[in-house]
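**Q** Build the 3D model from these lines:
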Amino acid sequence: MNRYNDFARVYDRLMRADVDYEAWADYIENIFTRYRKNPSLVCDLACGTGNITIPLSRRGYDMTGIDISEDMLNIAREKADGILFLNQNIASLDLYGTMDAFTCMIDGVNYIISPLALADMFTRIKRCFLEPDGIVIFDISTRHKLKNVIGENTFIHSDREVFYTWQNRYIDKKNLSDMLLTFFVRQGGGYRRFEERHLQRAYSEGEIRAVLKRAGFERIDAYDELTFDPPRPDSERIVFVCT
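**A** All right, here's what the predicted structure looks like:
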């Protein structure tokens, strides 16, 4: 997993233009209602700068946010009081007690490259940290998106404060998306340059279902992004709900 580091400073600025976090918080609450869950303790995995953790906290949930990047967590802590943010690799999760619900949104699972590590994480959640009537909600960027939409493409963003290029390479034999981001961020009278490299695994729906079944989840549902419709072959994001 990439630790983001310098990227943490520009993450919110860039992501808020592409992701409606309040809509995701609404959707998560709609899932709770649909599955007749009323969680109190909720753990948000790969929480980043808290863009989903904080809206859920404002809606009354007792939130814990976990991320591998201390830089991202420091920004989250600046934005919110009263939320426990823990610096951990979610693939080796270690909590002090159990939770009523887990969330992991906007590609967190894709960053777990090893299927064995992914299976271990979900097994630990199910057996050690999830209440018996608990619920797990997470999403993935689909293989279609990482291979055919992002694929071998390069994307460019430019505004007064940030210029970046996002170069992508899809490694078909390993089902990996290799992303190289080069940033120029305004600093003083000039710009500072830095790079970020990210690897994401393109899991299929079948692979995710198999991992979850081995972890012990009895009900596994999959939906197209922000809906309760079944995923399509061209879906770019799939949401899984597990109980």
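**Q** got the buried residues for stretch 173-180?
**A** Residues of stretch 173-180 classed as buried by neighbour count (16 or more other CB atoms under 10 Å): Asn175, Leu176, Ser177, Met179. For the C-beta atoms, the positions are set from N, CA and C on the backbone; glycine is no exception.
**Q** In contact with the residue most central in space within the chain, which residues?
**A** For the chain, the residue sitting closest to the mean C-alpha position, by CA atoms, centre = their mean, is Gly108 at 2.9 Å. By CB atoms under 8 Å, 6 or more residues apart in numbering, the contact set of Gly108 is Leu45, Ala46, Ile90, Phe138.
**Q** Do a quick rundown of the strands in this structure.
**A** In the chain, the segments counted as strands under DSSP state E are 41-45, 62-67, 84-87, 99-104, 130-141, 154-158, 162-171, 176-187, 190-201, 220-224, 237-242.
**Q** And the ones you listed: which comes nearest Asn74?
**A** strand 84-87 (8.7 Å; CB to CB).
**Q** Please work out the average pLDDT along that closest one.
**A** Strand 84-87 shows a mean pLDDT of 97 in the predicted model.
**Q** which one of the buried residues of stretch 173-180 is nearest Val241?
**A** When the buried residues of stretch 173-180 are compared for distance to Val241, the smallest value, 23.5 Å, is given by Asn175; criterion: CB to CB.
**Q** was I right about Tyr111 contacting His198?
**A** Yes: using CB atoms under 8 Å, Tyr111 and His198 qualify as a contacting pair, with a distance of 7.5 Å.
**Q** tell me the domain boundaries of the protein?
**A** As given by automatic domain parsing, the domain ranges for the chain are 5-141+203-242, 144-200.
**Q** In terms of mean pLDDT, which of those ranks lowest?
**A** For the domains of the chain, where the average pLDDT is lowest is domain 144-200, sitting at a mean of 91.
**Q** Need the residues that contact stretch 92-105.
**A** Applying CB under 8 Å, 6+ apart, the contact partners of stretch 92-105 are 24, 28, 32, 37, 39-46, 52, 56, 64, 66, 88, 90, 120-121, 124-125, 128-131, 133-139.
**Q** Could you tell me the end-to-end distance of it?
**A** Using CA to CA, to the nearest Å, one end of stretch 92-105 lies 18 Å from the other.
**Q** and that stretch, which residues are buried?
**A** Of the residues in stretch 92-105, those with enough neighbours to count as buried (16+ other CB under 10 Å) are Leu93, Leu95, Met99, Asp100, Ala101, Phe102, Thr103, Cys104, Met105.
**Q** Look up the closest residue to the fourth one, ignoring the ones flanking it.
**A** The one in question is Asp100. Leaving aside its chain neighbours, Asp100 sits nearest to Pro39 (3.5 Å; criterion: CB to CB, 6 or more residues apart in numbering).
**Q** Please state the backbone phi and psi of the residue nearest to Arg201 when sequence neighbours are not counted?
**A** Closest residue to Arg201 apart from its sequence neighbours, by CB to CB, 6+ apart: Ile113 at 5.0 Å. The main-chain torsion angles of Ile113 are listed as degrees, to the nearest 10 and equal phi -70, psi -40.
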